[in-house]
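> The following comprises the amino acid sequence and a computationally predicted model.
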Amino acid sequence: MKSDTEELMPRLLPVECRASAEELDLKGPPRNPQEYLRQVQLEASLCPEVVVAQIDPKKLKKKQTVNASVAGCHAAPMGFCPSLSWQRQQVGHFSDVRQSITRNRNHWSSQSLDDNVLMPRLTDEEGWKRFCLGEVVYLGTSSCDTGAEPALDYSKVGFPPFLSIVSRLNQSTVLMVLETLISWFEEREFAPQLGRWLFGLLSCLEKPLLPEAHSCIRQLARRCAQLRSTLESQDDEKLPALNLLICLVARYFEQNDLADQPQ
């Protein structure tokens, strides 16, 4: 009688059963292809259908330590943490912005760009830094406040994240530019141009998030919290932007362990 396994699994190589198990020498080499296949069948039939591993619990207890980095955010200094109502308000506004972009994406992406808007190639990380931040911030040639004179020179101050620009970016590009700017931010100070682009890219980041996106935005929140912890005054102009980015990552994108807890 055929076993249940033989009934369910089709035979890819049918074998003539000319030799019985007693006539075959499983230890010796097969004398022809049919004998080889028959040996394989017999060896398989001798294997138990269920195998239970014998595990010594004492050995497992010695190997239970796992080192994993699940770093949270720096706690906000006293008086620097936004209220819960403020955080909820920002999440609601951000959600409205995202819905508006989604509804009008086709319209904005069909708009013609000015002749001076030359978007970098996908793999041109340095080009994207110059494009988003401008030479003044990217090269560190002056303070972030560029004044009135160079304001119209986008090569100096960077292109804002116009809807006609960000609506053209697919998800791969959104994530790549986001990763590029956050990596730059890890080694630099905060700048208004950076904040505008981070907000714009987060507004275009689709949910559910890819694993790379999770790691990326968590890195952003930690960097913002770390920089916030160094501020000396609650009147620092960078504080609202840093609080907003932390809030969006934690509250909207549901990285709840990074959320600010009102003091």
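That came through, no problem.

> rest of the way, CA atoms for contacts and neighbours
Will do.

> which strands and helices sit next to whichever strand or helix holds residue 184?
Here residue 184, judged by DSSP states H and E, is contained in helix 171-186. The contact analysis (3 or more Cα pairs under 8 Å, 6 or more residues apart in numbering; DSSP states H and E) places helix 171-186 against helix 125-139, helix 192-204, helix 211-228.

> Where do the helices of the stretch 51-200 of the chain begin and end?
Assigned by DSSP state H, counting those that start in this stretch, the stretch 51-200 of the chain shows helices spanning 57-61, 84-109, 125-139, 154-157, 163-166, 171-186, 192-204.

> can you list the ones you listed in a markdown table and add mean pLDDT and distance to residue 115?
Compiled in a markdown table, these are given as follows (pLDDT from 0 to 100; distance: least, Cα to Cα, whole Å):
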| stretch | mean pLDDT | distance to residue 115 |
| --- | --- | --- |
| helix 57-61 | 63 | 66 |
| helix 84-109 | 94 | 16 |
| helix 125-139 | 92 | 14 |
| helix 154-157 | 86 | 12 |
| helix 163-166 | 92 | 13 |
| helix 171-186 | 95 | 21 |
| helix 192-204 | 96 | 21 |
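
> Mind checking the ones you listed for the one nearest to residue 232?
Of all the helices of the stretch 51-200 of the chain, it is helix 192-204 that lies closest to residue 232, at 18.7 Å by Cα to Cα.

> which residues touch that closest one?
When contacts are defined by Cα atoms under 8 Å, 6 or more residues apart in numbering, helix 192-204 is touched by residues 94, 97-98, 101, 132-133, 144, 157-158, 160-161, 166-167, 171, 174-175, 178, 181, 241, 245.

> Can you say which of those are buried?
Among the contacts of helix 192-204, those buried by neighbour count (16 or more other Cα atoms under 10 Å) are 94, 98, 101, 132-133, 144, 157-158, 160-161, 166-167, 174-175, 178, 181, 241, 245.

> buried set for stretch 223-239?
Buried residues in stretch 223-239, counted by 16+ other Cα under 10 Å: 223-229, 238-239.

> circling back: now tabulate the helices and strands packed on helix 171-186 in JSON lines and tack on distance to residue 75.
Formatted as JSON lines, the helices and strands packed on helix 171-186 follow (distance: least, Cα to Cα, whole Å):
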{"stretch": "helix 125-139", "distance to residue 75": "28"}
{"stretch": "helix 192-204", "distance to residue 75": "21"}
{"stretch": "helix 211-228", "distance to residue 75": "7"}
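
> Minimum distance to residue 55: which of these has it?
For residue 55, the closest of the helices and strands packed on helix 171-186 is helix 211-228, at 34.0 Å, according to Cα to Cα.

> okay, the buried residues of stretch 223-239 in CSV with pLDDT next?
Putting these into CSV (pLDDT from 0 to 100) gives the following:
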residue, pLDDT
223, 96
224, 97
225, 96
226, 95
227, 96
228, 96
229, 94
238, 96
239, 97
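
> which one among those residues gets closest to residue 262?
Set against residue 262, the nearest of these by Cα to Cα is residue 225 (14.3 Å).

> which residues are in contact with stretch 209-218?
Residues from elsewhere that reach stretch 209-218 (Cα under 8 Å, 6+ apart): 175, 178-179, 182, 249, 255, 258.

> Reformat these as JSON lines; add distance to residue 137.
As requested, those are exported to JSON lines (distance: Cα to Cα, whole Å):
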{"residue": "175", "distance to residue 137": "21"}
{"residue": "178", "distance to residue 137": "17"}
{"residue": "179", "distance to residue 137": "18"}
{"residue": "182", "distance to residue 137": "14"}
{"residue": "249", "distance to residue 137": "24"}
{"residue": "255", "distance to residue 137": "30"}
{"residue": "258", "distance to residue 137": "28"}
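
> Buried ones from those, can you make that a ChimeraX selection?
Selecting only the buried entries of the contacts of stretch 209-218 in ChimeraX, with 16+ other Cα under 10 Å as the criterion:
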select :175,178,179,182,249,255,258
